[in-house]
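Asker: need coordinates for the below:
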Amino acid sequence: MRKVKFIFDLDGTVTSQETLPLIASHFGVEEKISELTRKTIRGNVPFVESFIRRVHILGKLPVSEINDLLADVPLYEKLHGFILANSDKCAIATGNLNCWVEKLSGKIGCTSFCSDAEVNDNKVSRLNTILKKENVVSRYKSEGYEVIYIGDGNNDIEAMRLADIAIANGCTHDPAISILGVADYVVYTEEALCRQLNQLL
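Answerer: Below is the predicted model of the structure:
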C-alpha cells in the first residue's frame, strides 16, 4: 500500500501572511526585523544567523501575547480544508518557535515540527534547536513514506531536494529563485495548489 506524507512550510504557505513581520509590526520593532530580512533574502546574512538574531530581538517580547496573536493569523481556507481532510497524511515543518505557534499549530490540525526554545517569565530565555526541515523529510522517508514537500523560501531548498516530489508555492509571494531549480511543480494560486495535492493523494 502506498504511503504518502505531505510536508508543508508554514509561513506564506499554509498561512496567507508571514508571521515574523506580523509580530514585529504588532510590537513596533518592524524596522529591525525588516532590515535583517532584506539582508537574509539578499544572501548577506546566513539563514541560521539571521534566525538567531531575530529570536534575540523578538525573544524579549511576551510569549503568551505572541501565541495569541499568531492564533489569529489567516490560513488559506481551501488548503486548510485539504489538511483537515487528510490530517494523517500531513505535517507542518517550520523554523518558527514552538512556544510562539502552539495555538496556531493546534488550529491547523496536523503534526507540527518547530524550532525549540525555553521560556522563563513569559519570555524566550534560550534557543535550544533550530529545525532543519530536511530532517523531517528524512524521518518520513526512512519510515517508508513517499514525501511531497511544499514550500516557498530559501530555507526550504534542502527539504525540497530530499523530497520525492517538491512543489514551489507562490500563493503569498513569488517562490525564491533558488527553489525553482529543484521543484517538480510551481503553483501560484491556492486552487492550483489544492488541485495538485489532490492529484498526488
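Asker: OK, contacts around the closest residue to residue 100 other than its chain neighbours?
Answerer: Closest residue to residue 100 apart from its sequence neighbours, by CB to CB, 6 or more residues apart in numbering: residue 66 at 4.8 Å. Backbone N, C-alpha and C define where each C-beta goes, glycine included. Applying CB atoms under 8 Å, 6 or more residues apart in numbering, we find residue 66 in contact with 23, 58, 99-100.
Asker: the residues you listed in strands, which ones?
Answerer: Residues of these located in strands (DSSP state E): none.
Asker: for those, which two are the farthest from each other?
Answerer: Greatest spatial distance among those (CB to CB): 23 and 99, at 12.3 Å.
Asker: got the phi and psi for residue 145?
Answerer: The phi and psi torsions at residue 145 (degrees, to the nearest 10) take the values phi -90, psi 150.
Asker: mind checking how far it is from residue 152?
Answerer: 22 Å (CB to CB, to the nearest Å).
Asker: of those two, which one has the most company?
Answerer: Taking other CB atoms under 10 Å, residue 145 and residue 152 do not tie; residue 152 has more neighbours (22 against 19).
Asker: is it true that that one touches residue 177?
Answerer: No: taking contacts as CB atoms under 8 Å, residue 152 lies outside contact range of residue 177: 11.4 Å.
Asker: next up, the contacts around residue 183.
Answerer: For residue 183, counting by CB under 8 Å, 6+ apart, the contacting residues are 160, 166-168, 175.
Asker: repeat that for 6 Å
Answerer: Taking CB atoms under 6 Å, 6 or more residues apart in numbering, we find residue 183 in contact with 166, 168.
Asker: ok, now the one 10 residues further on?
Answerer: Neighbour list for residue 193: residue 187 [criterion: CB under 6 Å, 6+ apart].
Asker: could you redo the last one with a cut-off of 10 Å?
Answerer: Listed by CB atoms under 10 Å, 6 or more residues apart in numbering, the contact partners of residue 193 are 8, 13, 76, 78-79, 82, 150, 167, 169-171, 185, 187.
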